[in-house]
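Trainee: Sequence first, predicted model second:
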Amino acid sequence: MKSNLKELNQCQREIEIEIEPEEVSRELEKILSDYSRKAKIPGFRPGKVPKDIIKRMFYPEIKDSLINALAPKVLRQEIKNLNLNLIGSPVINNIFFKEGEPFRFKAKFEIWPEINLPDYNQIKVKKKKISVSAEEVNKSLEDLRLKSSHYVPVEDRGVVPGDYVIVEIKGKDLYTKRFLPTEKMAVIADDPQNDKTFNQKLLGLKPGQEANFTLTYPHQSKNKRLAGKKIEYTMKIISIKEKKISALNDDLAKELGEYDSLKDLKEEIKVNLLAKKQRESKEQVAQEVIKKIAAQIKVDLPESLVAEETEAIVQKRLSSKSSSNLKEEEKAELKTEAEKQAKENILNQLILNKIAEKEKIDISEEEINQELRAIAKANNYPLAKVIEAFNQKGRRQELKESLLLKKTVDFLADKAIIE
């Protein structure tokens with residue numbers, strides 16, 4: 001076999017491969033034998049059909065089988081021999097096949113570009129002072145207090161804003177005079193997502209009381225079942241629950257965890273906030289280091305990866321409500337910004353991978369298992385189920401790569417010179 005590798009740019013390569021006729025003939029014999037075993041031809045016992053007859057009857061299929069088997073196999077082996085780090089799958093073209101002559105083809109593919117890292121051990125970055133104010137502690141405490149709130153039944157008053165109400169709704173189509181199915185539903189009184197008329201009729205009603213109101217739905221209504229209809233509703237209150245928020249005292253602290261007092265809870269909140277800020281600060285330091293490294297590197301990036309990452313960023317932004325109805329020129333601007341972000345993301349990943357390789361940073365099985373235990377605990381899910389989920393479809397390898405990047409980021413943050 002002969003091969004010739006051409007460098008089209010820093011990422012793109014083209015290889016031309018020529019396979020000697022003897023190797024082609026051996027592969028052709030294997031395929032003919034396989035066809036002969038499987039072919040069912042009148043007058044011949046299975047597996048006893050002469051190869052020349054098989055070849056004459058199925059030559060186009062045999063030729064395709066040969067090309068599809070031999071070209072990828074030889075290409076894979078040659079890429080392995082050349083120690084090339086491929087991205088995606090090669091595209092095979094310019095195929096030439098004729099019995100008795102060398103089998104030739106070309107293939108194009110992308111590889112990760114090689115980069116020369118600057119001295120990342122001497123990069124200086126500024127670090128902000130970290131502190132936690134009393135206001136931040138109080139805000140977190142208030143968030144915890146609100147999250148710990150619960151609903152309790154009330155019967156001696158009507159519905160007020162914020163109540164959790166179970167209602168029974170009966171509807172009648174005023175055009176067809178047909179009744180809709182009776183429904184029971186839970187609603188938060190005066191919630192902005194409710195219909196305004198519904199909110200107005202709901203307030204003040206007591207359990208057992210009813211109210212009537214009519215709604216006309218536009219033809220463009222999201223509820224296709226009701227679009228263009230005028231419905232008369234009868235609403236009956238089944239039950240009312242009001243929100244009870246715990247007082248800021250020692251009892252709240254004991255309710256939220258193993259704390260003896262509100263003071264102990266505040267101290268724990270302060271420690272957690274400080275730890276969170278320290279993690280964020282460390283990440284910011286590392287990102288600043290990566291940014292300064294990237295500024296010193298000039299490299300072509302794989303076009304396929306840039307296009308893939310750009311599309312992912314665009315789709316993510318278009319899925320948000322604020323970007324769902326963009327004009328064409330706005331979409332073009334969004335794509336330009338996304339491509340810039342994509343190139344930055346890919347270069348950063350390339351830098352981190354190179355540093356991890358150079359510094360021999362790796363992730364052990366115990367570190368992976370430790371992360372899986374943390375995921376299970378955070379989501380209150382059985383560890384065995386989490387392990388099973390991550391062992392499927394290569395997710396464990398993805399987790400390892402993610403942890404490797406995080407570990408490399410921590411390495412850079414620790415190496416940075418803080419001014």
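Mentor: Noted; the coordinates are in hand.
Trainee: going forward, measure contacts between C-alpha atoms and count neighbours the same way
Mentor: Will do.
Trainee: what ranges do the strands span in the chain?
Mentor: Under the criterion DSSP state E, the chain contains strands at 2-7, 12-19, 86-96, 103-111, 124-125, 150-154, 164-173, 183-188, 210-216, 230-244, 417-418.
Trainee: Could you dump the ones you listed into a markdown table with mean pLDDT added?
Mentor: Shown next, in a markdown table, are those (pLDDT from 0 to 100):
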| stretch | mean pLDDT |
| --- | --- |
| strand 2-7 | 93 |
| strand 12-19 | 95 |
| strand 86-96 | 91 |
| strand 103-111 | 95 |
| strand 124-125 | 88 |
| strand 150-154 | 90 |
| strand 164-173 | 94 |
| strand 183-188 | 93 |
| strand 210-216 | 93 |
| strand 230-244 | 93 |
| strand 417-418 | 81 |
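Trainee: can I get the ones you listed in CSV with mean neighbour count?
Mentor: Listed next are the strands of the chain as CSV, based on neighbours: other Cα atoms under 10 Å:
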stretch, mean neighbour count
strand 2-7, 12
strand 12-19, 19
strand 86-96, 13
strand 103-111, 20
strand 124-125, 16
strand 150-154, 13
strand 164-173, 19
strand 183-188, 14
strand 210-216, 15
strand 230-244, 19
strand 417-418, 14
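Trainee: what sits against the closest residue to G208 other than its chain neighbours?
Mentor: Using Cα to Cα, 6 or more residues apart in numbering and skipping residues adjacent in sequence, the residue nearest G208 is I237, 5.3 Å away. If a contact means Cα atoms under 8 Å, 6 or more residues apart in numbering, then I237 has V165, I166, V167, E168, L205, K206, P207, G208, Q209, E210 as its contacts.
Trainee: what are the phi and psi angles of the fifth one?
Mentor: Spelled out, that is L205. With angles defined as degrees, to the nearest 10, L205 sits at phi -70, psi 140.
Trainee: how about the nearest residue to it once chain neighbours are set aside, what does it touch?
Mentor: Take L205 and drop its neighbours on the chain: the residue closest to it by Cα to Cα, 6+ apart is G158, 4.6 Å away. G158 makes contacts with L203, G204, L205, K206, P207, as judged by Cα under 8 Å, 6+ apart.
Trainee: and which of the residues you listed is nearest K270?
Mentor: L203 (40.8 Å; Cα to Cα).
Trainee: how close does that closest one get to D195?
Mentor: 13 Å (Cα to Cα, to the nearest Å).
Trainee: which of the two has more neighbours?
Mentor: A side-by-side neighbour count of L203 and D195, using other Cα atoms under 10 Å, places L203 first with 15 against 11.
Trainee: Name the residue most distant from the centre of the chain?
Mentor: G43 (58.8 Å; Cα atoms, centre = their mean).
Trainee: What pLDDT is listed against the closest residue in space to V132 that isn't next to it in sequence?
Mentor: If the residues on either side of it in the chain are set aside, V132 comes closest to L274, at 6.2 Å by Cα to Cα, 6+ apart. L274 carries a pLDDT value of 94.
Trainee: who's in contact with L274?
Mentor: The neighbourhood of L274, defined by Cα under 8 Å, 6+ apart, consists of I130, S131, V132.
Trainee: just checking, F109 touches V91?
Mentor: Yes: with contact defined as Cα atoms under 8 Å, F109 counts as touching V91 (6.4 Å).
Trainee: Next up, the contacts around R225.
Mentor: Contacts were defined as Cα under 8 Å, 6+ apart; by that measure R225 touches no other residue.
Trainee: what's the closest non-adjacent residue to V386?
Mentor: Counting by Cα to Cα, 6+ apart, the nearest residue to V386 once its immediate chain neighbours are dropped is A376, at 6.2 Å.
Trainee: Might you report the residue contacts of the one you found?
Mentor: When contacts are taken as Cα under 8 Å, 6+ apart, A376 is in contact with P382, L383, V386.
Trainee: Quick one: end-to-end distance for stretch 168-184.
Mentor: Criterion Cα to Cα; first-to-last residue distance in stretch 168-184 is 4 Å.
Trainee: Contacts for that stretch next, please.
Mentor: The set of residues that contact stretch 168-184 without belonging to it, under Cα under 8 Å, 6+ apart, is 166-167, 185, 229-238.
Trainee: What is the nearest of these to N249?
Mentor: The shortest approach to N249 among the contacts of stretch 168-184 belongs to I166, at 31.8 Å (Cα to Cα).
Trainee: quick one: low-confidence ranges for the stretch 201-350 of the chain?
Mentor: 321-325 (pLDDT under 70).
Trainee: Helices of that one, residue ranges please.
Mentor: For the stretch 201-350 of the chain, applying DSSP state H, counting those that start in this stretch gives helices covering 250-256, 262-294, 303-318, 328-358.
Trainee: re earlier: quickly check the contacts of stretch 168-184 for the two that are furthest apart.
Mentor: The most widely separated members of those are K229 and I238, with 26.6 Å between them, by Cα to Cα.
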